[in-house]
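> Test case, fold it:
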Amino acid sequence: MTGPELAEAGRLLAAARRPVVFTGAGMSAESGVPTFRDAQTGLWQRYDPQELATPAAFRADPALVWGWYEARRHGVLRARPNPGHRAVAAIQARLPETVVITQNVDDLHERGGVPAPVRLHGSLFAPRCSACARPASLPSDLPPSADPPEPHDGPLDPPACGGCGAPVRPGVVWFGEALPSAALDAAVEAASGCDLLLTVGTSALVHPAAEIPLVAARLGAPVVQVNPVPTPLDAICAVNLRGPAGEMLPALVRAAWPDADAG
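Residues are numbered from 1 along each chain as shown. Predicted coordinates:
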């Protein structure tokens, strides 16, 4: 994409010193990671994701819920960061005060070059005890240089906590649970102090995460949105870039810094 919108977004990014990049499911979908409600294949097509992603569901059938999340995690292991992930890493490399905030529970930002994104909804790769919250380790999935495993298909007993013996649960935020307070505080602080917020691939419908761009806008920071379709954020954005993250973000980085390697 070329034109005045991209040029203006590039100008805003080049002038920024403390940007926030806020990413949602659309970013990972371009790597082949299904969105939450689309992550149903094989056996799992019989289940409603919203009925599996609750504390009550885990208490009722830990093996069913753990098996579903292992299927999702193995699917992520087979995905690869796309040019959008690498462009976010390029922004952070150019502007070290950049804070990356994500609603995604995969590890594609890290593999794409962002070492420590703020995770509002947790991670498939950080399980913890369902009783005492002690962090737990995942079994080694891959020997060196091996191909990623095929996604798991079926119930699977979760491991036991090494401390108290209770079942280990996925380290994600379920329906009915609050966002991790440390992550939410860090996200609000970053949005409150940023001089540009770049929102990428999010529907802006999942609250309270959807409030983060609004915080930046209310405090005077310009908001640039990258999304193929309109969202509720359109009205507050200084620039709306219509297109997929894998195309738009490298183009944005090049518009800001013509000498940059946007990946």
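> Then Phe22 would be within a helix, right?
No. Counting by DSSP: H, G, I helix; E, B strand; the rest coil, Phe22 is not found in a helix; it is strand.
> Hmm, Leu196 and it touching each other?
No. The pair Phe22 / Leu196 is not scored as a contact, 10.9 Å apart, by CB atoms under 8 Å. The way it works is simple: take the backbone N, C-alpha and C, and place the C-beta from them, glycine included.
> In terms of neighbours, single out the busier of these two.
More crowded of Phe22 and Leu196, by other CB atoms under 10 Å: Phe22, with 32 against 24.
> what's near enough to touch Val20?
98-101, 190-191, 194, 196-198, 212, 216 (CB atoms under 8 Å, 6 or more residues apart in numbering).
> For it, list each beta-bridge partner.
Val99, Leu197 (DSSP bridges).
> How confident was the prediction at it?
Among the per-residue scores, Val20 shows a pLDDT of 98.
> can you give me the helices in the chain?
4-15, 25-29, 49-52, 55-60, 62-77, 83-94, 108-112, 181-193, 211-218, 245-256 (DSSP state H).
> just for the stretch 151-263 of the chain, where's the confidence low?
Within the stretch 151-263 of the chain, the segments meeting pLDDT under 70 span 151-153, 262-263.
> average pLDDT for stretch 74-85?
Rounded mean pLDDT across stretch 74-85 is 93.
> Out of the helices of the chain, which gets nearest to Gly154?
Of all those, helix 62-77 sits nearest to Gly154, with 5.5 Å by CB to CB.
> could you say what helices and strands the closest one packs with?
helix 49-52, helix 55-60, strand 122-129, strand 168-172 (3 or more CB pairs under 8 Å, 6 or more residues apart in numbering; DSSP states H and E).
> Now that helix: buried residues?
62, 64-77 (16 or more other CB atoms under 10 Å).
> Keeping just the C-alphas, turn stretch 111-118 into PDB.
This file holds the C-alpha atoms of stretch 111-118, laid out as PDB (Å, rounded to 0.1, in the frame of the first residue of the first chain):
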ATOM      1  CA  ARG A 111      10.200 -16.100  18.100                       C
ATOM      2  CA  GLY A 112       9.800 -13.100  15.800                       C
ATOM      3  CA  GLY A 113      12.400 -11.100  17.900                       C
ATOM      4  CA  VAL A 114      10.400  -9.400  20.700                       C
ATOM      5  CA  PRO A 115      11.800 -10.800  23.900                       C
ATOM      6  CA  ALA A 116       9.200  -9.800  26.500                       C
ATOM      7  CA  PRO A 117       5.800  -8.700  25.300                       C
ATOM      8  CA  VAL A 118       3.200  -7.800  27.900                       C
END
